[in-house]
Structures are given as structure tokens and as C-alpha cells.
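*Asks:* please find the sequence and the predicted model below.
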Amino acid sequence: MDTPVARKTSPQSNVPEFATAYYLLEGLKEIGVDYLFCNFGTDHAPIIDEMAHRRRRGEAMPDIVRCPHENTAAHMAAGYALMTGRGQGVLVHVDVGTANSANGMHNIFRSRLPVLLMAGKAPYTVNDELVGSRDTYVHFVQEPFDQASLVRPYLKWEWTLPSGVVVKEALRRAASIMQSEPRGPVYLMMQRETLTQHWNADEIRRYPADQFAATSGGGADPKLVEALAEKILAADNPILITGYAGRHAHASEAIDALSQFAGIAVYEANMINNISHANPCFVGFSADKAVPQADVGLLVDVDVPWFPSDVQAREETFWAHIDIDTLKPGSPMWTFPGSMRMQGDSGRILEQVLEALKAKATPKFKAAVAARLTRIKAMRDERIARAAALAADKGKSGAINPHYLMVELGKLLDDEDMLFNEGVTNAQAVLMQIPRRVPNTTVRAGGGGLGWSGGTALGAKLAAPDRLTVQICGDGGFYFGNPTSVFAVAQQYKLPILTVVMDNTGWNAVKQSTLRVFPEGEAKGANEFEAQLAPKVHFTKVAEAFGAYGEEVADPADVPAALARCIKEVRGGRAALLHARVTKM
């Protein structure tokens, strides 16, 4: 007689069964998620119930920040990740919440920040076959054929959780991918029926970080490093252009050291994360005049070093592209030169290049460097003088000069204070007039989605409560940012930020774009650019509705005192908004 095959018995445990949502919250904490920035909906009922369950049991889970709009939630996660380097969770409502977060995912993806976006999906059962079946109208209309398509262009990874038994495995996979360089957002979708499934504790495996680590950028091939050092040694007019190297302090320090040793002029083009502007070789924000003259160029962590429609690089120039993201695969077209491409940690690679240069430097090279440093100092002095000249005219009543406004703001800031620069056409005034000695203290969104600065400032404040956090935007960006949501969160969670609205009564970017394409066109002739916005709005009322301090300023003479009052309020624990009526578009 055949021996019967032993049947595999179900795992035994003395631990009571828990729902998938219970393990989801536990797993989020295990992958380092401190906060869930949430906009809840019907799909989250299992999660909400398990939040209460875990609180009653005294068990760890992420802290919850309720955001009245998904744009705020997404950008708060971005701000927190910017300050800490650790991706946080964003929880939104099925397809509509995902759609509302798409603007944020675009910015987060282009800014290379780790964020875990999560959304429910419409229940898949309709006759109450399982716990969580459809029970309301929206469950029948919120199920598109491809929910992830709403944000797919801006994701590194996506998945729909098929079973609660793999919930922690899915979370670890998401964390490993979003934290790996180049970092970026990931997306996990979950249906109610899946979230209500019950499992014994020993059926849910853990996936520790030390066994499932994220990848980081390393150094470069020593042969490439040697070849680049030789090119720099022979260069007459080397330049370096960066855009987001300042996200890591050591990369900014490496740029300082290399540029000063080799006499390399440093430019910050279309900046996302600033390097230190105290570097004696830092000469400004546009390399347009330098590019055609350069014989060796270093593109270091930069997305758009110049606009090819305006600037033509010489074919003879040797370009070394040193970047965590050299080929920009997230962009269908990216056509900037790269005679040599070294993908990795730009700070480490530049340190390697400096080491090679120090070993090879000759007296002739050192003499050439000294001459270049003299020229670079003259360029730097000219930039500073030009900025001072732009700010000398304070403007007039109802038309404050943005350059003057930013000079006065800069006088009240510490080096560590954070600026979120959404000035758009007035962004240059922020960059030129507010000295930034510490890297990554002036930030711009890597993407083109307006309305990011308020939520990002809130997230940064949450991560670094002792640092003054300043949102700078135009009236157009203020509208896009869902300001009622921003100020509601600031009030509810005691996150005092300063908002400076530079109100030029319109979309100046729209006007300027039209003029660039049609400099003598019909729109110019008629002075009709479809860019005018409401001229008599009082943005202070939005802030005041949520208990923030609001002040409007139109006379340049009143600017210093108005700024001082606003900052005093913020440092005292109350959000504030300064509505500045600046030069009209």
C-alpha cells in the first residue's frame, strides 16, 4: 500500500489574525515611512479602521497628515524627502485622487525624489461576496481600464497588490526602487477586498533593509578619470555647469575644491538644488556666453545646461557629462553633448578627478590656473555689481521692484533658512539677490508643474522644524498651489511657513513665451496676451481665513518693516503671507 503524502498544514500561530491593512501600516513603518500624507476616500475604509486598531493596541505606524488637496500631500512628501533623503507615503483616493496628484508626481520625478504614492481601486466584487464589496455609487464609476496610466510617465515602478500575503514584500520592493539612484516616485494600488483579507502574523514575511538595500551612485572608471584629468590639464578655458549637484553637500564641496584647484568657472543653469554660491569660482546662472568659448566643459548633475535655440556649442569642445542620470531616459529627447559620460555620485567622481589632477599638476598648469582665477574673480565681481544695480531702483507705489524686494528679504535670512523659489519669471531676482552659502537651501521643482512651493515648504518644515521655511511664488503659482489646502495644513499641524506672493497680476511666462515666438506678432500689436489675471485680489484674506498673519505691501518704502513683521510672526509659530504688488508683467 502506498504511503499517503503528508498534507501541508496551515501555519499555526498564537497571534490573532489581522487584516492586510494592519500589516500594511506595520510594513510602511519598517521601510522608514514616518508620515503618510493623506487625502482619504471610500477605498481607505480598511486602512482607517486598522489605524484605529493599531492606536488602541499602542503599535507603531506612520503619523498621519490629512491634506485637503492631493497636490499638497504629494508636495509635502517631496519636501520631507528633500530634507531627509527618505521617501514618505502619499495616500490618495482611487483614480480621481491619483489624477489630482499627477502634477506632484511630475515634479517629484523630475526632481529625483523618493515618494511612495498609494491609492485604492474600486472594489471588484458587487454582490457582497467579500468584505469590502461595492456599496456606493462611486464604486461603479471610479474604475478606469488603466488607473496607473494617470501617473505612469512619472514613475519608476507600479503594481497592484494581488494578495495581502505579499504586502510587506511589495513595500520593500517599492522602497528599494524609489530609494535607488536616480531616485523617484513609485505607485502601489490596493483594492478594499485585498486590504480586508486576514492573515496570521507568521504568514507575513518581513524583508529587512540590510538584505534588500537600495543602490547608490559610486565612483567612475579610473581610466576615464585619468583621461578627463588630462583634458583639464591641457585646457585653456574650462567651464563647469551644474543644476542639481547641490542636493548633496559633498558634491557642492567637490565642485568648490576642483574649480579652485583647476581654475574652472562654475555656472548654475536652470537650478533645482543650489550649490554654495560662496565658491570664488561661482560666476552666475547662465553659461550662454561661456559655452561657445569653452574648450573643455563639465556637465555635472544638470538637466538643461543651456537652450540650444539660443546657444551653439563648438564641435571641437570636449564635454564630460558627470551625472547620476547621464542619458536622461525619462526624456524622449535629450540632445546635449557628452564626449565622455560618467554616471554615478558626482561628488565622488569629482573627488577622483581632483586627486588625479593633483598628481599630474605641473608648474605650467598652476601658472595657467592662476591667470584663470584672476579672470574668474573679475567675472564674479561683475555679476555681483550687476545684481546690485538691478536692485538699486526700488520701484514705485504699486510696482515694487522684485530685485529690491528680494534684497530686503535676504537681509533677514540665515544661511540655513530654506527658500522654495517658484517665482517663475521673477525667479532670477530670488537667485541673484539672496546669497546662498549653504547648498540645497534654495530649491526649485525639477518639473514644470506650478503650485508646488507651498506643499514642499510645509514638508520641509515638518522635517526641519527649527529652520525658517519660505515659499516664494507669483500670483499665478499661488492659485495653482491650492492655497486654502496649504494654509489649512499649516494651521492644523502647526507648521508656520512664510509665503511671499509677488503679484504682477498675470501669467508673465505666457506673455513672454508669445513674444519669443512672435516678437512682432498680432498679440504684441494688440497688447493681448491672454495672460491678465484678476488685479484687485487680496491674497492676505486666504491666509487669515486659517489663522495666519497676512500683510499687503505696495509701497517700496514699506517693504523692510512688512517683511520683518511677517518673519517675526513665523518665528513666533504662526504662518504668514506677504502680498507684494510688484512690477506689472
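*Replies:* Great, that's in hand.

*Asks:* quick check, residue 163 in contact with residue 193.
*Replies:* No - look at residue 163 against residue 193 with C-beta atoms under 8 Å: they stay out of range, at 10.3 Å. In this view, the C-beta of every residue, glycine as well, is placed from N, C-alpha and C.

*Asks:* what about the strands in the stretch 251-400 of the chain?
*Replies:* 265-268, 282-284, 296-300, 318-323, 340-343, 395-396, 399-400 (DSSP state E, counting those that start in this stretch).

*Asks:* show me the contact partners of the last one.
*Replies:* Contacting residues not belonging to strand 399-400 are listed as 394, 553-556, 559, 580-584 [C-beta atoms under 8 Å, 6 or more residues apart in numbering].

*Asks:* repeat for the first one
*Replies:* Surrounding strand 265-268, the residues in contact under the criterion C-beta under 8 Å, 6+ apart are 238-243, 255, 259, 274-275, 277, 279, 281-287, 290, 372, 376, 379, 431.

*Asks:* hmm, back to that, would you write a PyMOL line that selects the buried entries of the contacts of strand 399-400?
*Replies:* PyMOL command restricting the contacts of strand 399-400 to the buried ones, with burial defined by 16 or more other C-beta atoms under 10 Å:
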select buried, resi 394+553+554+556+559+580+581+582+583
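
*Asks:* in helices, which of the contacts of strand 399-400 fall?
*Replies:* Of the contacts of strand 399-400, the ones assigned to helices by DSSP state H are residue 559.

*Asks:* in strands only, show me the contacts of strand 399-400.
*Replies:* Using DSSP state E, 553, 580-581 are the members of these that sit in strands.

*Asks:* between those, which is closest to residue 210?
*Replies:* Residue 210 has its nearest neighbour among these in residue 580, at 50.4 Å by C-beta to C-beta.

*Asks:* measure that closest one to residue 401 for me?
*Replies:* With distances taken as C-beta to C-beta, to the nearest Å, residue 580 is found 10 Å from residue 401.

*Asks:* try residue 497
*Replies:* From residue 497 to residue 401 the distance is 24 Å (C-beta to C-beta).

*Asks:* dump the residue contacts of the closest residue to residue 571 other than its chain neighbours.
*Replies:* Distances taken as C-beta to C-beta, 6 or more residues apart in numbering place residue 468 nearest to residue 571, at 6.7 Å, with adjacent residues excluded. If you count contacts by C-beta under 8 Å, 6+ apart, residue 468 has them with 413-414, 417-418, 498, 567, 570-571.

*Asks:* if we go to 7 Å?
*Replies:* For residue 468, the contact set (C-beta atoms under 7 Å, 6 or more residues apart in numbering) comprises 413-414, 417, 498, 570-571.

*Asks:* quick one, what contacts the closest residue to residue 147 other than its chain neighbours?
*Replies:* Once flanking residues are discounted, residue 147 sits nearest to residue 95: 5.0 Å by C-beta to C-beta, 6+ apart. Counting by C-beta under 7 Å, 6+ apart, residue 95 touches 142, 144, 147, 150.

*Asks:* show me which of these is closest to residue 61.
*Replies:* For the contacts of residue 95, the nearest to residue 61 is residue 147 (25.3 Å; C-beta to C-beta).

*Asks:* so which elements touch the longest helix anywhere in the chain?
*Replies:* Ranked by residue count under DSSP H, the longest helix found in the chain is helix 363-392. In terms of contacts (3 or more C-beta pairs under 7 Å, 6 or more residues apart in numbering; DSSP states H and E), helix 363-392 is packed against strand 282-284, helix 402-410, helix 427-433.

*Asks:* pLDDT weak spots in this protein?
*Replies:* 1-16 (pLDDT under 70).

*Asks:* neighbours around the residue nearest to residue 132 when sequence neighbours are not counted, how many?
*Replies:* Spatial nearest neighbour of residue 132, excluding adjacent residues (C-beta to C-beta, 6+ apart): residue 192 at 3.2 Å. By the criterion of other C-beta atoms under 10 Å, residue 192 has 26 neighbours.

*Asks:* let me see the contact set for residue 192.
*Replies:* 43, 45-46, 120, 123, 132.

*Asks:* residue 81: which of those is nearest?
*Replies:* Using C-beta to C-beta, the contacts of residue 192 come closest to residue 81 at residue 120, 22.7 Å.

*Asks:* list the contacts of that closest one.
*Replies:* Residue 120 sits next to 41, 43-44, 93-94, 190-192 when contact means C-beta under 7 Å, 6+ apart.

*Asks:* which of those residues fall in strands?
*Replies:* Per DSSP E, the contacts of residue 120 map to strands at 190-191.

*Asks:* just the buried members of the contacts of residue 120?
*Replies:* Buried among these (16+ other C-beta under 10 Å): 41, 43-44, 93-94, 190-192.

*Asks:* still on that earlier bit, can you redo the contacts of residue 192 as CSV with distance to residue 37?
*Replies:* Shown next, in CSV, are the contacts of residue 192 (distance: C-beta to C-beta, whole Å):
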residue, distance to residue 37
43, 16
45, 19
46, 19
120, 15
123, 24
132, 24
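
*Asks:* if we can go back for a sec, closest one to residue 168 among the strands of the stretch 251-400 of the chain?
*Replies:* Per C-beta to C-beta, nearest to residue 168 of those: strand 340-343, 31.4 Å.

*Asks:* packing partners of that closest one?
*Replies:* helix 222-234, strand 318-323.

*Asks:* let me know which of the ones you listed is tucked in deepest.
*Replies:* strand 318-323 (a mean of 24; mean count of other C-beta atoms under 10 Å).

*Asks:* pull up the pairing partners for that one, direction included.
*Replies:* strand 296-300 (parallel), strand 340-343 (parallel) (DSSP bridges).

*Asks:* what's the end-to-end length of stretch 126-140?
*Replies:* End-to-end distance for stretch 126-140, by C-alpha to C-alpha, to the nearest Å: 9 Å.

*Asks:* that concludes my questions; thank you for your assistance.
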